[in-house]
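> below: sequence and its predicted model.
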Amino acid sequence: MDSIMSADFLAAVIAGAIMASMPLLFAALGETISEQAGVLNLGLEGMMLAGGYAGFVLAYWSGSSWVGLLAAILAGIAVSLLMVVFSVRMGRDQIVVGIAILFAMQGLTSLLHQVQFGESYPRLGEAAMLSIPGLRDIPVLGILFNQPAVVYIGVALIIIVGWIFLKTNFGLNIRAAGWKPVALDNAGVDVIKIRTIAVLVTGALAGLGGGYMAVVTAGIFVPFMTHGQGFIAIVIAMLARGRSTWVLIGSLLFGTALSIADGLQLVGIEVSTDIVNMLPFVFVLLALVLFGRQSYLPAALCIPFERGKR
Amino acid sequence: MIDTATEQALPADAVEAPALWRRWTSGFWRHAAPVVYGLIAGGVLLLILGKNPVGFYWTTLESGLLTWGGLMQTIIRLAPLLLMSAGFIVAFQAGLWNIGGDGQFLMAAALVGGLGSYMVDAMPYGLALVLLCVMGFVIGGVWTIVPSFLKAYYNMNEIITSLMMAYLGINLANLLIKGPLLTTTSFVPQTNVIPFDYLLPYLPGTKIHIGIIIALVVLAAIHYMQTRTGYGLRLRILGANPKAAVHAGINVKRDIMTAFALSGALIGLAAAVEILGVWGYVRADWNPAFGMSLFAIVFLAGLNVMVVIPFVFFFAVIQIGGHEAARQAGLPNDFLLLLIGLVLFFMVLTEWAREKGWPRMGRKTVATVSEVRAEEAVDNG
């Protein structure tokens, strides 16, 4: 038992959990914003893949992980423009457009990767770390202060988004666009514009999440590397119901589950990854069945807004 | 989608043969146009990549449709795809987003594959096959109980719960295959193999198993249920307007549970047919992931189980033939995903154009009841 409790093991688990949580955190935070604005973004995984691919290519060409992450954000925004044009502006079915984005991006990134890197499979160097002197030497928890710099950006974003939702007019507008767009329209705010901004921010964050995976975690782009994490992020966002602290908790829960099997293997305990991957879903579903309550999804989620139409 | 419903509501004798023919052709073009546009866009992309689009599509057609072997492959693939589409249509028409089809599929597949070899040993194999199909049907249905219960009684969004159940099912199926259902005869992580002679019988003179017949019969039954029974009407009301369904005195909770279960059950049956017809075993981490692509197809077909048949057939040709074409062109198989994505984008685009009444050709294809009546009036003088 004491090998489980050893400092090295705990540090490895924490590091792995943070590593695996970050893409979920960025993507789920983005999905939260667009869901609160009334847009269900099923194409989240496609945006992550686009971010991962663009991030990898630019980081590879420029040699800088920051350039890569910036490219990932831009790629995510570019893909979310499809969602803006088709779903927000033209009022097409969000689920169909989301699936279209998912497929198109899965196919496109895989195709481009094959054409460019199909034979070489290059890797990237290490991403820039930000370690805080003093704090990083604390046993076990010191690992929290020796992380890729972008991790701290993620934590900051949680706080910022939480603040925007709770304390600013803009956050209120976003929630109104998801709950009662007609009222927002009557108040003289452009619902379409609010939703557009929300979706673009979602794209940026999902792109960053995918970029993080490719540039920081893996150092390589592999087709389909997101492995359904976009959908897990959607689940996290729906469970978080618009509160960014719950996004953080949910991402850490699922991220820990994704990484803990590796941690246990380090100390010689073989646990099937299938079991570990199942656990968060079992917990969440059990909680939902036992404490079943009405879901608090935005009332106008998935419903296109058109002025003057009831 | 609305106008297919109104078209069906027209009394059959009110439509003269020429109008019927026009409706059929315009209806066909309405559904097929996005596919054509998507293929053209994909062809342009192939050109940019320096590949020959005509050659690519020709190889696809040749090895998926125009050779006897390819055609048989396509029809074999058609069976599970059609059953799954029927499953999705039942749920979607009732306004239930059963996103977790892949979980229902794999759970049924794992148990059918795992228990199959024991069942065919224990009893006459015809009986075993029937029981296994029933088993797949039941397991697929059971796997929907949690999302449908939460939807019916707590109004919990079923997208999220069925998605979670899908991940649970995919992992649990793997766990079962690597654990209790693991083969005793080989080191590969898979289930026992059902002997080849005990798989679903072939249609006479072909190597196509009878799954396609099962699928077509089931589709006809579902079509009958949707258009001719009170239950089908209730489900459509539920999908069109849940609040109205409550006010109409429909037992919404019961109908949500049964429609969801029927949807999962058809998907489970699809898995049983695929395992008993083609594989005879299930390997760990096997996931054909038909679900997502079929969402797109059933939308293209306007959630109509009869219209979906040509679309799924086309999709099967692309899957079987496109595989070969991609291999010959040196492209990854995933190029097909991009094609499907493009088709979907053109689908929403043409739908939007039709609503805007632009271009004029687009507007003409929307044959509303009044337009059809007006045309008839002209035809009759």
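Cool, the structure landed.
> where in the chain is pLDDT low?
Since no chain was named, I'll use chain A. For chain A, the stretches flagged by pLDDT under 70 are A:1-7, A:121, A:125-146, A:261-262, A:265-269, A:291-296, A:309-310.
> looking at chain B here, not the other one
In chain B, residues with pLDDT under 70: B:1-18, B:358-381.
> gap between the most centrally placed residue in it and A:Ser251?
For chain B, B:Ser85 is the residue whose C-alpha lies nearest the centre (CA atoms, centre = their mean; 1.9 Å). When distance is defined by CB to CB, to the nearest Å, B:Ser85 is 35 Å away from A:Ser251. In short, each C-beta sits where N, CA and C put it, glycine included.
> just to revisit the earlier point, contacting residues around the residue nearest to the centre of chain B?
Neighbouring residues of B:Ser85 by CB atoms under 8 Å, 6 or more residues apart in numbering or on different chains: B:Leu294, B:Ile297, B:Val298, B:Ala301, B:Val305, B:Val308, B:Val312.
> and which of those is nearest A:Ala100?
Of all the contacts of B:Ser85, B:Ile297 has the smallest distance to A:Ala100: 12.3 Å, by CB to CB.
> does the residue nearest to the centre of chain B sit in a helix or strand, and which one?
helix B:68-93 (DSSP states H and E).
> quick one, the helix or strand that that helix is followed by and helix B:68-93 angle?
Tracing the chain past helix B:68-93, the next element assigned as helix or strand by DSSP H and E is helix B:101-122. Computed by axes from the mean of the first three to the mean of the last three CA atoms, to 10 degrees, the angle separating helix B:101-122 from helix B:68-93 equals 120 degrees.
> pull the CA atoms of helix B:101-122 into PDB?
Output in PDB follows, covering the C-alpha atoms of helix B:101-122 (Å, rounded to 0.1, in the frame of the first residue of the first chain):
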ATOM      1  CA  GLY B 101     -26.500   4.200 -30.900                       C
ATOM      2  CA  ASP B 102     -22.900   2.900 -30.900                       C
ATOM      3  CA  GLY B 103     -23.100   1.800 -27.300                       C
ATOM      4  CA  GLN B 104     -26.400   0.000 -27.900                       C
ATOM      5  CA  PHE B 105     -24.800  -1.600 -31.000                       C
ATOM      6  CA  LEU B 106     -21.600  -2.800 -29.200                       C
ATOM      7  CA  MET B 107     -23.300  -4.100 -26.100                       C
ATOM      8  CA  ALA B 108     -25.600  -6.200 -28.200                       C
ATOM      9  CA  ALA B 109     -22.800  -7.300 -30.500                       C
ATOM     10  CA  ALA B 110     -20.500  -8.300 -27.600                       C
ATOM     11  CA  LEU B 111     -23.200 -10.400 -25.900                       C
ATOM     12  CA  VAL B 112     -24.500 -12.000 -29.100                       C
ATOM     13  CA  GLY B 113     -20.900 -12.800 -30.200                       C
ATOM     14  CA  GLY B 114     -19.900 -14.000 -26.800                       C
ATOM     15  CA  LEU B 115     -22.800 -16.300 -26.100                       C
ATOM     16  CA  GLY B 116     -23.400 -17.300 -29.700                       C
ATOM     17  CA  SER B 117     -21.000 -20.200 -29.800                       C
ATOM     18  CA  TYR B 118     -22.400 -21.700 -26.600                       C
ATOM     19  CA  MET B 119     -26.000 -21.200 -27.900                       C
ATOM     20  CA  VAL B 120     -25.400 -23.000 -31.200                       C
ATOM     21  CA  ASP B 121     -23.800 -25.900 -29.400                       C
ATOM     22  CA  ALA B 122     -26.700 -26.200 -26.900                       C
END
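> next one: that helix to chain centre, how far?
The chain centroid and the centroid of helix B:101-122 are separated by 20 Å, computed with CA atoms, centre = their mean, to the nearest Å.
> any chance of the contacts of B:Ser85 in a markdown table, plus neighbour count and distance to B:Ile340?
As requested, the contacts of B:Ser85 are arranged in a markdown table below (neighbours: other CB atoms under 10 Å in any protein chain shown; distance: CB to CB, whole Å):
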| residue | neighbour count | distance to B:Ile340 |
| --- | --- | --- |
| B:Leu294 | 25 | 10 |
| B:Ile297 | 22 | 8 |
| B:Val298 | 24 | 13 |
| B:Ala301 | 21 | 14 |
| B:Val305 | 24 | 20 |
| B:Val308 | 27 | 15 |
| B:Val312 | 29 | 13 |
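> need those residues in TSV (columns: secondary structure and distance to A:Phe170).
As requested, the contacts of B:Ser85 are exported to TSV (DSSP: H, G, I helix; E, B strand; the rest coil; distance: CB to CB, whole Å):
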residue	secondary structure	distance to A:Phe170
B:Leu294	helix	39
B:Ile297	helix	40
B:Val298	helix	38
B:Ala301	coil	41
B:Val305	coil	46
B:Val308	helix	44
B:Val312	helix	46
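> can you list the buried residues in stretch B:21-33?
Burial within stretch B:21-33, assessed by neighbour count using 16 or more other CB atoms under 10 Å in any protein chain shown, is assigned to B:Arg22, B:Arg23, B:Gly27, B:Arg30, B:His31, B:Ala33.
> quick check: closest non-adjacent residue to the last one.
Translated: B:Ala33. B:Thr350 (5.6 Å; CB to CB, 6 or more residues apart in numbering or on different chains).
> so what's A:Asp93 up against?
A:Ser87, A:Cys302, B:Phe299, B:Val348.
> on that earlier part again, closest one to B:Ala41 out of the contacts of B:Ser85, please.
B:Ile297 (18.0 Å).
> pretty sure B:His31 contacts B:Leu300?
Yes. With contacts counted by CB atoms under 8 Å, B:His31 reaches B:Leu300, the gap being 6.3 Å.
> need the residues touching each of those two.
B:Phe311.
> pretty sure B:Val343 contacts B:Val35?
Yes. Using CB under 8 Å, B:Val343 is in contact with B:Val35, at 5.4 Å.
> more neighbours: which of those two?
B:Val343 (26 against 20; other CB atoms under 10 Å in any protein chain shown).
> just checking, what packs against the lengthiest helix in chain A?
In chain A, with assignment by DSSP state H, the single longest helix is helix A:7-36. On a contact count with 3 or more CB pairs under 8 Å, 6 or more residues apart in numbering or on different chains; DSSP states H and E, helix A:7-36 meets helix A:44-62, helix A:149-167, helix A:169-179, helix A:191-211, helix A:229-240, helix A:244-266.
> show me the one of these that comes nearest chain B.
helix A:229-240 (4.4 Å; CB to the nearest CB).
> is B:Pro204 in a helix, a strand, or coil?
Assigned with DSSP: H, G, I helix; E, B strand; the rest coil, B:Pro204 falls in the coil class.
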